[in-house]
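Chemist: Quick one, what's the 3D model for this:
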Amino acid sequence: MSTVWNFITDFGDSAVTAPLALLVLIFLFAAGPRRLALGWMLAIGGCAGVIGTLKIVFGACGHELTLVHLISPSGHAAMSTAVYGSLALLIGARLPSSQRRTVGMAAAVTIVGIALSRVALHDHSRSEIALGFAVGTGAVAVLRAVLSRDTAPALPLGWLLLGGGILVAVLHGTRWMIEPAVHRLAWGFRVGLPFCR
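Modeler: Residues are numbered from 1 along each chain as shown. Next comes the predicted model:
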């Protein structure tokens, strides 16, 4: 069963979500809506920055800050929610409501599957998943706010889906070892801050 969970969890790794987010950004700049492209950068980049900061803070001082098991908020949950959720918003913006719901459900199933895989693989606690999901949801809300002020972009969905599909197929199973660097930073803060010891 762990093989299945590993297969699912790899869709949420930064090695997949970050290049996919960059591909969407390129399409947004090519389509012309600069405000929306900047909103995408703010949403996804902000999500990465916030979850990285939280990982360092809780990694250093989590045992002092919370009563629940919260040491490393889930980056998989945060980034998959931000990227797949925001992508569903963009794709669904020009679709009829029934198709928009289908796209939204597909994104939701992907996000929930990735979150469940992190718990099943014992990589995160439920509270760490919940915090990651909250950060990712905030990123989707940022993009929704920007999208509501702009006309939905006429993205070449066929090319975007083809490019995204190829990218995910090629990168799936690749893992970026970001977590050890975060743990080293957290350890540095723990040593440097007396109240984190």
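Chemist: Which stretches in the chain count as strands?
Modeler: The residue ranges that make up strands in the chain, judged by DSSP state E, are empty, as it has none.
Chemist: wait, what's in contact with the residue nearest in space to the middle of it?
Modeler: To find the centre residue of the chain, average its C-alpha atoms and take the closest one (Cα atoms, centre = their mean): that gives Met79, at 0.9 Å. By Cβ atoms under 8 Å, 6 or more residues apart in numbering, the residues touching Met79 are 12, 14, 17-18, 44, 47-48, 51, 136. Bear in mind the C-beta positions are built from the backbone N, C-alpha and C, glycine included.
Chemist: from the residues you listed, which ones fall inside helices?
Modeler: With helices identified by DSSP state H, the entries of those that belong to them are 14, 17-18, 44, 47-48, 51, 136.
Chemist: Identify, from these, the entry nearest to Thr174.
Modeler: When those are compared for distance to Thr174 (Cβ to Cβ), Ser14 wins out at 9.5 Å.
Chemist: That closest one contacts Gly75, correct?
Modeler: Yes: with contact defined as Cβ atoms under 8 Å, Ser14 reaches Gly75; the gap is 6.8 Å.
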